[in-house]
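>>> generate a structure from the sequence data that follows.
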Amino acid sequence: MKYAIIKKEDLNKWLAHLIKKARLYAPKKKENLFIFRPIKDISEITLKYIPTILPPKKYYYPQKEKLLRFKVRPFETARAIKAFEEYILFAVHTCDIAGIQCMDVVFREGPEDPNYLNRKDKMTIIGIECLEYCDKYANCTSMGNHEPRGGYDLMMVDLGEKFILHINSEKGERLIHGLSYIKEADAKDMLNLERVREAKKKIFKEEFNASLLKVYQAFDKHFASGVWQDVGKRCVACGNCTNVCPTCYCFDALDEVELSLNQGIRYRIWNSCQMEDFAKVAGGEDFRKGRDGRQRHRYYRKFKYPVDKFNRYFCTGCGRCTRTCMAQISLVETVNSLLAEEGVVK
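So this is what the prediction gives:
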């Protein structure tokens, strides 16, 4: 089967089956926001949500993780984590799946990152396609991530009384194999899927005032633009934008030594280019002293540098950076301001 059908009335039955298969993480409402969390009670899960506070990145690239244990005398090192558990990310938006694909590119580049790859190997991704905008902050259409573009094992699309499931891997196939309430999709189901996708075209519109190629060219030309001074004056250097981004991967490593001073643990923790000391080196030299330079660097790490290195944009259009910005700096407005210097205005 490439496509399968599950009635909504059978969804909880399937979720109970998934919980038995592996540790299940899914979106849950928390006050007026949403978070990914381990699921024990199926009733906690919500399928309609704005992007979670933190992306599901926190499960395959933890905020703080043990890298190794070490001993000074005699000098020895050993892996801190010997085994990784099987887990399922359920109802992941296509923008966050695009973020996972970006992280794959980074951590598979030599030297490969074993912790990331081992966790990723244990992960199964069940996505859910958005049929309308999460909210006003998303720019997923301009980034091409409002529709599925691979990177998942199963993708759910709401057809009204049922979900159609696109089976994209052997892992995905195993999660529905032998379940009598999940049937192969027929011609009518495929027509309904086509109808839903056509309806989306009337809802999702380009958020940027030009194509991504024009955006790239604008970044290529306007490194010294006044746009960055304006953004820098408004930025309060809180670091929210990088902490919630599904593609930011900068980290620091620290050693925690026991009182004996003979052994300890090395940790990896998230770090941010928006922090004042991030670009500071020995001797006190700081290559990005101002907030304008730090903000510019963040944008270039989404729209210029990864395109040059990986041929991929590292903005997924999730809108988290705009949504959480204490200074109300909008990514879409900033990019469109840069395009305006190219003479591109809607």
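>>> just checking, what packs against the least confident helix or strand in the chain by mean pLDDT?
One helix or strand of the chain scores below all others by mean pLDDT, DSSP states H and E: strand 76-79, with a mean of 85. Helices and strands touching strand 76-79, by 3 or more Cβ pairs under 8 Å, 6 or more residues apart in numbering; DSSP states H and E, are strand 64-71. All C-beta spots, glycine's among them, are computed from the backbone N, C-alpha and C.
>>> other SSEs contacting the strand it packs on?
Checking 3+ Cβ pairs under 8 Å, 6+ apart, strand 64-71 ends up next to strand 76-79, strand 263-270.
>>> one more time with 10 Å, if that's ok
strand 76-79, helix 114-121, strand 251-257, strand 263-270 (3 or more Cβ pairs under 10 Å, 6 or more residues apart in numbering; DSSP states H and E).
>>> as JSON lines, the ones you listed with distance to Thr324 and mean neighbour count would be great.
Listed next are these as JSON lines, based on distance: least, Cβ to Cβ, whole Å; neighbours: other Cβ atoms under 10 Å:
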{"stretch": "strand 76-79", "distance to Thr324": "34", "mean neighbour count": "11"}
{"stretch": "helix 114-121", "distance to Thr324": "24", "mean neighbour count": "16"}
{"stretch": "strand 251-257", "distance to Thr324": "20", "mean neighbour count": "12"}
{"stretch": "strand 263-270", "distance to Thr324": "15", "mean neighbour count": "16"}
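>>> right, and these - which one's nearest Ile6?
helix 114-121 (26.0 Å; Cβ to Cβ).
>>> give me the distance from that closest one to the chain's centre.
On the basis of Cα atoms, centre = their mean, to the nearest Å, helix 114-121 is displaced by 16 Å from the centre of the chain it belongs to.
>>> and Ser211, what is it in contact with?
142, 217, 339, 344 (Cβ atoms under 10 Å, 6 or more residues apart in numbering).
>>> surely the last one touches Leu213?
Same thing as Val344. No. Judged on Cβ atoms under 10 Å, Val344 makes no contact with Leu213 at a distance of 11.5 Å.
>>> tell me which residues of the helix or strand hosting Leu24 are tucked away?
Per DSSP states H and E, Leu24 falls inside strand 23-30. By 16 or more other Cβ atoms under 10 Å, the buried positions in strand 23-30 come out as 24-28.
>>> could you find the closest non-adjacent residue to Gln274?
Gly239 (4.6 Å; Cβ to Cβ, 6 or more residues apart in numbering).
>>> what about that neighbour, how many residues nearby?
20 (other Cβ atoms under 10 Å).
>>> same deal with Arg312?
Arg312, neighbours per other Cβ under 10 Å, totals 13.
>>> how about Gln229: what's its closest non-neighbour residue?
In space, Gln229 is closest to Asp292, 5.1 Å off (Cβ to Cβ, 6+ apart).
>>> same thing with Gly144?
Leu212 (7.7 Å).
>>> who's in contact with the one you found?
142-144, 206, 303, 307, 313, 315.
>>> swap in 8 Å and give it another go.
Leu212 makes contact with 142-144, 313, according to Cβ atoms under 8 Å, 6 or more residues apart in numbering.
>>> what's the answer for Val72, then?
261-263.
>>> so what touches the helix or strand encompassing the residue nearest to Gln229?
Asp292 is located in helix 291-303, with elements delineated by DSSP H and E. Contact with helix 291-303 is made by 215-216, 219, 223, 228-229, 231-233, 235, 237, 241-242, 247-248, 273-274, 278-279, 288, 313-315, 329, 331, 334-335, as judged by Cβ under 8 Å, 6+ apart.
>>> thinking again about what came up before, is it possible to get JSON lines of the buried residues of strand 23-30 that adds pLDDT and distance to Lys64?
Output for the buried residues of strand 23-30, formatted as JSON lines (pLDDT from 0 to 100; distance: Cβ to Cβ, whole Å):
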{"residue": "Leu24", "pLDDT": "97", "distance to Lys64": "22"}
{"residue": "Tyr25", "pLDDT": "98", "distance to Lys64": "18"}
{"residue": "Ala26", "pLDDT": "98", "distance to Lys64": "22"}
{"residue": "Pro27", "pLDDT": "97", "distance to Lys64": "22"}
{"residue": "Lys28", "pLDDT": "96", "distance to Lys64": "22"}
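>>> what's the closest of these to Ala98?
Pro27 (16.9 Å).
>>> right, and that closest one touches Thr46 too?
Yes. Using Cβ atoms under 8 Å, Pro27 makes contact with Thr46 at a distance of 5.5 Å.
>>> next one: the residue nearest to Gly144 from Lys304, what distance?
Distance of Leu212 to Lys304, computed by Cβ to Cβ, to the nearest Å: 11 Å.
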